[in-house]
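1. What would the 3D arrangement of this be:
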Amino acid sequence: MNTIGIIAEYNPLHMGHAYQLSYLAERWPQALRIVVMSGSFVQRGMPAFFSKYDRAYWALLAGADMVIELPSLFALGSAEIFSAGAMRLLAALGIDAFCFGSEVTNLDMLTSIAEAANNASVNERIRELLKLGHFYGAALRQALLEIVPHADEALNHPNATLGIEYLRAIDTYGLSLLPIVIERQSDYNSTSLTESLPSASALRNYLQANPSTASLACYFPEDVLPSVENALSLGRYVNMQRYYDMVHWQSRILSTAELSQLTDFGEGLENAWKKGASLPSWFLARHQLKSKRYSFSRLDRMAAYTVLRRSAALQKKAHQHGPLYARLLGFTGAARDWLRGNDSTLPLIQKWAPFVRHSTGLVKDYVLADMLATDIQHACFTGEAMRLGDTDYRFTPHYLA
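-> Numbering: from 1, shown residues only. Sure, this is the predicted structure:
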């Protein structure tokens, strides 16, 4: 095994992520650790707290050999779209295996659930439950439990559920990727910083209110900590209130006809969305829109689609075609030879500007979506000097010898 892939957001990178990288380095020291990382927006429907440039650099410092950006059209999709896009990108790069953390480590169980999720009867049952008003995640869970009763343990844990989606993509697309599962070392949704390995959510919440690592040194790898502190001191992190205001403005600006063309809208939801936009804040609108059918996660992704003008037609095309290029964000000396001789079936992009200049068609759509996501994220940064646009053109991949 020469290469092991990791699908990550590193939002931000903490000791739990470093544990995974060190585990792989100790177990398979000869294998390159290649990370496919969400760029400027993440799957839960928010701009990443720190820039993709910073997060890629931290990944290298923590033990990754290479970081590839997951295009925004997949990074900001549903769990199915996110997982399928990332797994297809790893496979296209010619990666041998992939590793994911899970609260449930019984790979046979996870694989059997993933295969059941692709069963025609399960998908028919999901459609029935959606008509009854369930949101997709709940419908999938109930449909699976009716066929695979022992799936309850796995489906109650977010990382195990995401792992199932990775394995489902292997089954759906016939991918040649060997799965490696390791036990999740922290609670994904925990808001507490008392544990030795906190969740990224807890760190983000703390840093939003207290932008300093003064009391957080134990949660970040030693080599990464100074760079995190630098980003915080410069204001190179997202002020979520700026972002929420942007969502609120866009929701008022867009007409119901324009909203209906965006990803995940339809079924009259655009009318409820416009009604919510008349409230004093996005926070109030979000809570008014929450229902049995529409989870907060889906609403947050829809909010992102309003500021990114993400059309349902483009999202559908992306899911059909999969990733069309692999953008390099950083690499180490150990990965240099692999880069020279890799057998990727996709163009591996190191120089972004000329690639953008010559891109056409659907590739151009992907490129523009990535750059808009970055521009929107940077416009929400706390420090005014950090809000520059067009940074994608000026970035050169990080290199650690």
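
2. can you tell me which helix in the protein is longest?
-> For the chain, the longest helix by residue count, based on DSSP state H, is helix 361-379.

3. Mind listing what's buried along that one?
-> The neighbour-count check on helix 361-379 (16 or more other C-beta atoms under 10 Å) flags 363, 365-367, 369-379 as buried. (Glycine included, C-beta is placed from N, CA and C.)

4. what's the helix or strand of the chain with the lowest mean pLDDT packed up against?
-> Within the chain, no helix or strand scores below helix 152-155, which has a mean of 81 by mean pLDDT, DSSP states H and E. The contact analysis (3 or more C-beta pairs under 8 Å, 6 or more residues apart in numbering; DSSP states H and E) places helix 152-155 against helix 107-117, helix 136-147, helix 158-173.

5. Who's the closest spatial neighbour of residue 53, skipping the chain neighbours?
-> Excluding its sequence neighbours, the residue lying closest to residue 53 (C-beta to C-beta, 6 or more residues apart in numbering) is residue 395, at 5.8 Å.

6. so the one you found sits right up against residue 51, yeah?
-> No - using C-beta atoms under 8 Å, residue 395 makes no contact with residue 51, being 9.3 Å away.

7. which of those two has more neighbours?
-> residue 51 (23 against 16; other C-beta atoms under 10 Å).

8. Please report how far that one lies from residue 384.
-> To residue 384, residue 51 is 15 Å away according to C-beta to C-beta, to the nearest Å.

9. which residues in the stretch 1-150 of the chain form strands?
-> 3-8, 32-38, 41-42, 46-47, 66-70, 97-102 (DSSP state E, counting those that start in this stretch).

10. With respect to burial, which of those strands scores highest?
-> Ranked by mean neighbour count, the strands of the stretch 1-150 of the chain are led by strand 66-70 with a mean of 29 (mean count of other C-beta atoms under 10 Å).

11. Quick one: residues in contact with it.
-> 7, 32-39, 52, 56, 59-60, 82, 85-86, 89, 93, 323, 326-332, 335, 338-339, 370, 398 (C-beta atoms under 8 Å, 6 or more residues apart in numbering).

12. again, but for stretch 281-296
-> Here stretch 281-296 has contacts from 130, 133-135, 137-138, 244-245, 247-248, 251, 269, 272-273, 275-277, 279, 299-300, 303, using C-beta under 8 Å, 6+ apart.

13. rerun at 6 Å
-> 133, 135, 244, 247-248, 276, 279, 299 (C-beta atoms under 6 Å, 6 or more residues apart in numbering).

14. On the pLDDT front, check residue 158 for me.
-> pLDDT, residue 158: 85.

15. The one 4 residues further on now?
-> The confidence metric pLDDT takes the value 92 at residue 162.

16. roughly how far apart are the residue lying closest to it once chain neighbours are set aside and residue 281?
-> Leaving aside its sequence neighbours, residue 162 sits nearest to residue 79 (C-beta to C-beta, 6+ apart; 6.2 Å). The gap separating residue 79 from residue 281 is 28 Å, by C-beta to C-beta.

17. So these two - more neighbours on which side?
-> Taking other C-beta under 10 Å, residue 79 and residue 281 do not tie; residue 79 has more neighbours (19 against 13).

18. For residue 140, see how far away the more buried one is.
-> From residue 79 to residue 140 the distance is 9 Å (C-beta to C-beta).

19. can I see the domain layout of this structure?
-> Following automatic domain parsing, one finds the domains of the chain at 3-234, 240-317.

20. Can you give the distance from the longest one to the centre of its chain?
-> Mean C-alpha position of domain 3-234 versus that of the full chain (C-alpha atoms, centre = their mean, to the nearest Å) differs by 7 Å.

21. Start and end of it, how far apart?
-> 36 Å (C-alpha to C-alpha, to the nearest Å).

22. ditto for the last one
-> With C-alpha to C-alpha applied, domain 240-317 spans 30 Å between its terminal residues.

23. Report how many residues lie close to residue 322.
-> 18.

24. Repeat that for residue 390.
-> For residue 390, using other C-beta under 10 Å, the count is 11.

25. so what's it scoring on pLDDT?
-> pLDDT at residue 390 comes out at 97.

26. And residue 114, by the same measure?
-> Reported pLDDT for residue 114: 92.

27. Tell me who's in contact with the spatially closest residue to it that is not a sequence neighbour.
-> Take residue 114 and drop its neighbours on the chain: the residue closest to it by C-beta to C-beta, 6+ apart is residue 167, 3.6 Å away. Taking C-beta under 6 Å, 6+ apart, we find residue 167 in contact with 110-111, 114.
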